[in-house]
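Chemist: Need a 3D model of the sequence below.
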Amino acid sequence: MTDIHSPILLWFRRDLRLSDHPALAAACATGRPVIPVFICDEAVETLGAAPKWRLGLGLEVFSQAIEARGSRLVLRRGKALEQLKSLIAQTGAGAVWWTRAYDPHACARDTEIKTALKAQGVEARSFGGHLLFEPWTVETKTGGFYRVYSPMWRAVRGRHVDTPVAAPAHIPAPAEWPVSDVLNHWALGTAMQRGADVVRKHVRPGEDAAHERLDAFISDRIENYKEARDCPSEDATSGMSEYLTYGEISPHQMWHAGMRAQEEGKRGAEHFLKELVWREFAYHLMYHTPHILTGNWRPEWDGFPWKTDADSPEVTAWKRGRTGVPFVDAAMREMFVTGRMHNRARMIVGSYLTKHLMTHWKIGLDWFEQCLTDWDPASNAMGWQWVAGSGPDAAPYFRVFNPVTQLTKFDPRGAYARRWIAEGQAHPSDTALRYFDAVPCSWALTPDAPYPQPIVDIAEGRKRALAAYQDRSTAPQRTEILPDGKVRPSLTS
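Modeler: Residues are numbered from 1 along each chain as shown. Take a look at the predicted model:
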């Protein structure tokens, strides 16, 4: 039986906040000592360069916030179960609580941990908080999960969303603290190399920064959000994806802020709420169909003749922002300088890779996982499969975004391209020049080099994609996902 006076280990993962944190609020309400813990386990070790670095920044700020509440964040590195058992032995903790995660690796890990701890007589309890609705609570009228977004939106838009709870004024501390690792010793930003100094200027980690950003968006930009959000040169989006990724703000807090804006008659509020549910849809699908992370969601796409060479000259040009197509190149460079990419631009570079370059979406997904500070497993997978056509609720095969006309439509004055592309400008902007400070020296890129000619003719690329999409029966080649996540042609029919 659990000792009601023993400490509670509160295991933080992607929930680096104090307010509207159900597990933290419940733990503090017990009056028992609470020991906040973060474990650098396999899920952290295998993160891409940018998200791992950004996580380290978030942990630094979060640790300071916890200390201001009279507590501290205990850091451990290694397999989660082993580290939790070690902490239990050292502290006499009778419970381990955490906020749920929904990717297949986390589900398997957490199930194993619950089973092992309960067998040891330790309470193991998980809480919601990362999503508005638990995936198993949202069902169609006939039962089962939603495969299309619009019906899911209609089903949940009027549903009750819990009111956010305040942060605890004080976190009860144990009489003695267990030994903690030193965050800097983890070197979470090593893989960012020199790019870290460049991207750092565009990152404001932490819960306070998240709320400041949300408040500014609701006050100044949500009114015109629906119309302006597609213009990549404008600061018209919420910019909240990064904070949601690391749980520095809860979706419940964002939902209620959007609802207040809607009640005040701000026109863009409903579309903002729809975007929150779009994120829910991504998690809904990842939970119910986890293969969306690693293979075509629609199996009929397994025979599509995508190229699978991640190091081909065309893919290398795409990764480096040297395709000769300004919208694509500007977007890829924006990602290298800021760690983020405008949503309209993500659709354009995704369409260009999978359709104009006929390259497997998994190659793009893997590159984004390395480069985006707001990388999220569910949203990244669904976004790539949507634009490629292989996923749920996907863009139809004939939707091949023209990156030239798209730039003319959404950036008619060319501000976005000028902001990020230095070549050809007599006086390039600082943001355009900073790209060359961020990329690896081995790329040997300089701003005074000539801007490249298009590697693929836009019209010819579209024609080639449509021919393949319209007659998939002429493309018998199948692909398979290897254990390391790479894609290759299948050796079997």
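
Chemist: When you work out contacts or count neighbours from here on, use the C-alpha atoms and nothing else.
Modeler: Will do.

Chemist: which residues touch H271?
Modeler: If you count contacts by C-alpha atoms under 8 Å, 6 or more residues apart in numbering, H271 has them with Y225, K226.

Chemist: ignore the last one, R419
Modeler: A330, P428, S429, T431, A432.

Chemist: Can you show me the helices along the stretch 1-150 of the chain?
Modeler: For the stretch 1-150 of the chain, applying DSSP state H, counting those that start in this stretch gives helices covering 22-29, 42-45, 49-67, 80-91, 104-119, 149-156.

Chemist: Could you check how far the shortest one is from the centre of its chain?
Modeler: Translated: helix 42-45. What separates the centre of helix 42-45 from the centre of its chain is 15 Å, taken as C-alpha atoms, centre = their mean, to the nearest Å.

Chemist: wait, doesn't I8 sit right on V37?
Modeler: No: applying C-alpha atoms under 8 Å, one finds I8 not in contact with V37, separated by 10.1 Å.

Chemist: so what's the residue nearest the centre of the chain closest to, chain neighbours aside?
Modeler: Centroid-nearest residue in the chain, with C-alpha atoms, centre = their mean: D376, separated by 2.1 Å. Leaving out its chain neighbours, the residue that sits closest to D376 by C-alpha to C-alpha, 6 or more residues apart in numbering is T245, at 6.0 Å.

Chemist: residues contacting that neighbour?
Modeler: R14, D374, W375, D376.

Chemist: just checking, which of those belong to strands?
Modeler: Among the contacts of T245, no residue falls in strands (DSSP state E).

Chemist: for this protein, what spans make up the strands?
Modeler: 8-12, 34-40, 74-77, 95-99, 123-127, 479-481, 487-489.

Chemist: In TSV: these, plus mean pLDDT and mean neighbour count.
Modeler: Formatted as TSV, those follow (pLDDT from 0 to 100; neighbours: other C-alpha atoms under 10 Å):
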stretch	mean pLDDT	mean neighbour count
strand 8-12	98	24
strand 34-40	98	22
strand 74-77	98	20
strand 95-99	98	23
strand 123-127	98	17
strand 479-481	45	19
strand 487-489	44	18
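
Chemist: can you redo the ones you listed as TSV with distance to V337?
Modeler: Below are those laid out as TSV (distance: least, C-alpha to C-alpha, whole Å):
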stretch	distance to V337
strand 8-12	29
strand 34-40	26
strand 74-77	30
strand 95-99	32
strand 123-127	36
strand 479-481	30
strand 487-489	28
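
Chemist: follow-up on the earlier one: I only care about the contacts of R419 that end up buried; give me the ChimeraX line for that.
Modeler: Buried subset of the contacts of R419, written as a ChimeraX selection, criterion 16 or more other C-alpha atoms under 10 Å:
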select :330,428,431,432
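
Chemist: Domain-wise, how is this structure divided?
Modeler: 1-129, 131-164+204-288, 292-489 (automatic domain parsing).

Chemist: low pLDDT regions in the protein?
Modeler: By pLDDT under 70, the low-scoring segments of the chain are 1-4, 394-398, 471-493.

Chemist: May I have the residues that are in contact with L273?
Modeler: L273 neighbours (C-alpha under 8 Å, 6+ apart): W255, G258, M259.

Chemist: mind running it again at 10 Å?
Modeler: W153, R157, M254, W255, H256, A257, G258, M259, Q262 (C-alpha atoms under 10 Å, 6 or more residues apart in numbering).

Chemist: Please apply the same query to Q425.
Modeler: Neighbours of Q425 in contact, by C-alpha under 10 Å, 6+ apart: R418, A432, P447, D448, Y451.

Chemist: at 8 Å what do you get?
Modeler: Q425 neighbours (C-alpha under 8 Å, 6+ apart): R418.

Chemist: phi, psi of D411?
Modeler: When read as degrees, to the nearest 10, the backbone of D411 gives phi -140, psi 60.

Chemist: right, and it touches E234 too?
Modeler: No: using C-alpha under 8 Å, D411 is not in contact with E234; the gap is 9.1 Å.

Chemist: So which of these two has more stuff around it?
Modeler: D411 (18 against 14; other C-alpha atoms under 10 Å).

Chemist: Spatially, what comes nearest to the more buried one if we skip its sequence neighbours?
Modeler: C231 (6.2 Å).

Chemist: Count the residues that sit near that neighbour.
Modeler: 21.

Chemist: That one and M332: what is the separation?
Modeler: 16 Å (C-alpha to C-alpha, to the nearest Å).

Chemist: What separation do you get for H170 and D15?
Modeler: Distance of H170 to D15, computed by C-alpha to C-alpha: 18 Å.

Chemist: same check, this time on V182
Modeler: V182 is 20 Å from D15, by C-alpha to C-alpha.

Chemist: Compare these two and say which is more crowded by neighbours.
Modeler: D15 (25 against 11).

Chemist: can you count the residues close to the closest residue to that one other than its chain neighbours?
Modeler: Computed as C-alpha to C-alpha, 6+ apart, the closest residue to D15 that is not its neighbour in sequence is G247, at 3.9 Å. Counted by other C-alpha under 10 Å, the residues lying close to G247 total 25.

Chemist: try the one 10 residues further on
Modeler: Close neighbours of A257, defined as other C-alpha under 10 Å, add up to 16.

Chemist: same thing with the one 4 residues further on?
Modeler: Other residues within reach of A261 by the criterion other C-alpha under 10 Å amount to 20.

Chemist: Pull out the buried residues from stretch 215-225.
Modeler: Buried, per 16+ other C-alpha under 10 Å, within stretch 215-225: F217, I218, R221, I222, E223, Y225.

Chemist: Check stretch 37-52 too.
Modeler: For stretch 37-52, burial by neighbour count (16+ other C-alpha under 10 Å) applies to V37, F38, I39, C40, V44, L47, G48, A49, A50, P51, K52.
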